[in-house]
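Participant: Sharing a sequence plus its predicted fold:
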Amino acid sequence: MERKKVLIGCCGSVATIKLPILVDKLTARGCEVRVVLTQRACHFVSLQEVSSLARVYTDEDEWSTWKERGDPVLHIELGRWADVFVIAPLDANTLAKMANGLCDNLVTCVARAWDTGKPLYFCPAMNTRMWHHPVTANQVSLLCSWGYLEVPCVSKTLMCGDTGAGAMAEVDTIVDAVTS
């Protein structure tokens, strides 16, 4: 049996610190994993640590791999490679971009070009106030209407000290969703 190919997209949320654990657990379940990091995600995780666990791509790779007509386009190639795309964490900014069709980085370009016949999981992660803003529910609902699968956030004390909903789902919950 062929290994499930999982592409993880990470955005600018402190929950990105859980990425090495997510990669480890998916790999332990027999998945082949690749990772796409936004520029802001790189603030929260060591590129060296993650690249020792999985192949990692950044926005710079999108622009350095294409030189002329006929060259592969990275966001298309990653979408072809992956069986499943999981955006963990999905910050408020990237949620808004996706809901409005914007694609200005490698994660959002992969999402915009994603084959909707394959699963796309998203794991919201943001401050409680952002999570409870009225636009957030509309944006999450819109993504779900496209067939994307939400791995709901949880309530806990966030890194900023606020307590409430908005924390990314537990890594085991994400792994179970992606590998089931």
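Facilitator: Looks like it arrived, so ask away. Numbering: from 1, shown residues only.
Participant: alpha carbons only for contacts and neighbour counts from here, please
Facilitator: Will do.
Participant: can you tell me which residues contact residue 111?
Facilitator: 98, 103 (C-alpha atoms under 8 Å, 6 or more residues apart in numbering).
Participant: That one in helix, strand or coil?
Facilitator: Under DSSP: H, G, I helix; E, B strand; the rest coil, the three-state class of residue 111 is helix.
Participant: what about it, distance to residue 167?
Facilitator: According to C-alpha to C-alpha, to the nearest Å, residue 111 and residue 167 sit 22 Å apart.
Participant: how much space between the spatially most central residue of the chain and residue 174?
Facilitator: Closest to where the C-alpha atoms of the chain average out (C-alpha atoms, centre = their mean) is residue 87, at 1.7 Å. Going from residue 87 to residue 174 by C-alpha to C-alpha gives 10 Å.
Participant: So residue 73 versus residue 62, what's the distance?
Facilitator: When residue 73 is compared with residue 62 (using C-alpha to C-alpha), they lie 7 Å apart.
Participant: Same check on residue 83?
Facilitator: 20 Å.
Participant: same question for the lengthiest helix in the chain, mean pLDDT?
Facilitator: Assignment by DSSP state H gives helix 134-145 as the longest helix of the chain. Confidence over helix 134-145 (mean pLDDT, whole number) is 98.
Participant: Please enumerate the helices of the protein.
Facilitator: Under DSSP H, the chain gives helices at 19-28, 47-51, 59-64, 74-81, 92-99, 106-112, 128-132, 134-145, 171-179.
Participant: so which of those is the most packed in?
Facilitator: helix 106-112 (a mean of 22; mean count of other C-alpha atoms under 10 Å).
Participant: what residues are up against residue 99?
Facilitator: Per C-alpha under 8 Å, 6+ apart, neighbours of residue 99: 139-140, 142-143.
Participant: Put together a markdown table for those residues, with distance to residue 38 on each row.
Facilitator: Below are the contacts of residue 99 laid out as a markdown table (distance: C-alpha to C-alpha, whole Å):
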| residue | distance to residue 38 |
| --- | --- |
| 139 | 20 |
| 140 | 20 |
| 142 | 22 |
| 143 | 20 |
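Participant: low-confidence ranges in this structure?
Facilitator: 1 (pLDDT under 70).
Participant: ok, now with 80
Facilitator: 1, 65-66 (pLDDT under 80).
Participant: residue contacts, the residue nearest to residue 96 when sequence neighbours are not counted?
Facilitator: Nearest residue to residue 96, sequence neighbours excluded (C-alpha to C-alpha, 6 or more residues apart in numbering): residue 139, at 6.7 Å. When contacts are counted by C-alpha under 8 Å, 6+ apart, residue 139 is found next to 95-96, 99.
Participant: got the contact list for stretch 33-43?
Facilitator: Contacts of stretch 33-43 (C-alpha under 8 Å, 6+ apart): 5-13, 16, 23, 26-27, 54-59, 105-107.
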